[in-house]
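Peer 1: Pasted the sequence and its predicted model underneath.
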Amino acid sequence: MVNLSTDAVERVRTKPLERAHFWYYMLELGFYGSLLLRISVDVKRKDFKEQVIHHLATIFLLSFSYCANYIRIGTLVMLLHDSSDILLESAKMFNYGTGWRKTCDSLFVVFAVVFLVTRLVIFPCRIIHTTLLLSMEVFEPFTGYYFFNVLLMVLQALHIFWAGLILRMVYKFLKGKLEKDERSDEESEADVEEDDKGKEEKMDQGGDGYCEKSKENLNSKLSMLTNSCVLNNLTHHRSSVANRTHKAQ
């Protein structure tokens, strides 16, 4: 388990940046930057706003820790997040890509345990406790201290939000009722079904209106044609009677 002491906090500012840490930061910043840019074209799910807040908070947190040389805190935060994210993406891959349901379920259970332990136990009890309380034994609070800890608190609030969704999924999984992603798939498919129904209703309404208009136009044309034929017959009859009368005279 991660254990941060005051000595580690003292060496935060003086520890040089290693090459591995540099590339780790660059990969993470590029990854979360791509997620933030791509989110505008993705399907809007139940946690769309939370995803945007998470990506922004993570990017600011990594950037600040890199610039302030808080490398140990930054790398620990990334490791805690990646330990469960890898399992989640693997479970999705086996579910949507290959259809290996049992493997997906097993990975989901492991992911749920790792997520709850790392983000509800280790993250607040070790990371936030160190940056919020133990750091005060070394230096006085400053602007960066409040900014850094506020970002960590935002991440912790999002962890609690997603932990609630995961626990609901675990409950359904134990009951044998878990078929879809509690976070996204149900809403996405519901939205698609509502859109399809709306389109069908509009098409039905449009089709009925079009048929009624077509019938009205056809009836008006038939009436006009009938009236025209009647008028022509009457005119022709009157002209023939007038010719006959003129010849008789």
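Peer 2: Right, received. Where do you want to start? Numbers count the residues shown, from 1 in each chain.

Peer 1: Now for V109, how many residues are close by?
Peer 2: Using other Cβ atoms under 10 Å, V109 is surrounded by 15 other residues. (Glycine included, C-beta is placed from N, CA and C.)

Peer 1: I53 sits in which helix or strand?
Peer 2: Secondary-structure assignment from DSSP states H and E places I53 in helix 48-67.

Peer 1: pLDDT-wise, which helix or strand of the protein ranks last?
Peer 2: helix 6-10 (a mean of 51; mean pLDDT, DSSP states H and E).

Peer 1: Give me the buried stretch members for the helix or strand immediately after that one in the chain, please.
Peer 2: Beyond helix 6-10 on the C-terminal side, the first helix or strand identified by DSSP H and E is helix 19-38. For helix 19-38, the buried set under the neighbour-count rule, 16 or more other Cβ atoms under 10 Å, comprises H21, Y24, Y25, E28, L29, Y32, L35, L36.

Peer 1: And stretch 64-73, by the same measure?
Peer 2: When burial is assessed from 16+ other Cβ under 10 Å, stretch 64-73 yields the following buried residues: S65, Y66, A68, Y70, I71, R72, I73.

Peer 1: ditto for stretch 130-145
Peer 2: T130, T131, S135, Y145.

Peer 1: coming back round to it: dump the buried residues of helix 19-38 to JSON lines, plus pLDDT and distance to V150.
Peer 2: Compiled in JSON lines, these are given as follows (pLDDT from 0 to 100; distance: Cβ to Cβ, whole Å):
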{"residue": "H21", "pLDDT": "92", "distance to V150": "24"}
{"residue": "Y24", "pLDDT": "95", "distance to V150": "24"}
{"residue": "Y25", "pLDDT": "95", "distance to V150": "21"}
{"residue": "E28", "pLDDT": "95", "distance to V150": "20"}
{"residue": "L29", "pLDDT": "94", "distance to V150": "20"}
{"residue": "Y32", "pLDDT": "93", "distance to V150": "18"}
{"residue": "L35", "pLDDT": "89", "distance to V150": "21"}
{"residue": "L36", "pLDDT": "88", "distance to V150": "19"}
